[in-house]
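Visitor: What would the 3D arrangement of this be:
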Amino acid sequence: MIKTLMNNSGAVTVMCRKIFRENLKAELSYSGMLVKELAAKSGLKKHTIDNYLSVRGRMPSADAAVRIARVLGVSVECLITGYETAETKDSSRFSPEIRHIARTVENLKPDNQKIVQLFVDTLKKHEASQLGGNGV
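Guide: Numbers count the residues shown, from 1 in each chain. Model prediction:
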């Protein structure tokens, strides 16, 4: 994950751009968001985000990374390292898949949200009964 390069002043640790690029791609995929949507919501230009996603792309500035992370509902640390710390887990402790489900349900009409909740509760009880649990 981390490359160490040597220069005249000693070791310099550089985070691989590949990690950011791959994490950004994964978060975009899980969110179901297009690059142009991310650009519009973050206030960044589409070609700037395309650059972050390209093989020869560069790392974003701190400001751009914060904007992207906020729109995707993750921490900057998650985008850069792929991991959350204890401090950031509270705000985005769920997997990208679960965050995608939550965002999708959040955009449904209230009546449909209730149907999804009923389905999830029923599924949970069904799994618990198969495992001999109490459904809680």
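Visitor: pLDDT on stretch 112-123, on average?
Guide: Stretch 112-123 comes out with an average pLDDT of 93.
Visitor: er, stretch 79-98 I mean
Guide: For stretch 79-98, mean pLDDT is 66.
Visitor: In three-state terms, label the residue lying closest to P60 once chain neighbours are set aside for me.
Guide: Excluding the flanking residues, the one nearest P60 by Cβ to Cβ, 6 or more residues apart in numbering is Y52, at 5.6 Å. C-betas here are computed from N, CA, C, even on glycine. Assigned by DSSP: H, G, I helix; E, B strand; the rest coil, the conformation of Y52 is helix.
Visitor: The most centrally placed residue in the chain and I19, how far apart?
Guide: The centre of the chain sits closest to E27, judged by Cα atoms, centre = their mean, with a distance of 3.9 Å. Distance of E27 to I19, computed by Cβ to Cβ, to the nearest Å: 12 Å.
Visitor: pLDDT wise, what is the closest residue to A64 other than its chain neighbours at?
Guide: Distance criterion Cβ to Cβ, 6+ apart; nearest residue to A64, sequence neighbours excluded, is L44 at 5.9 Å. Looking at L44, its pLDDT reads 97.
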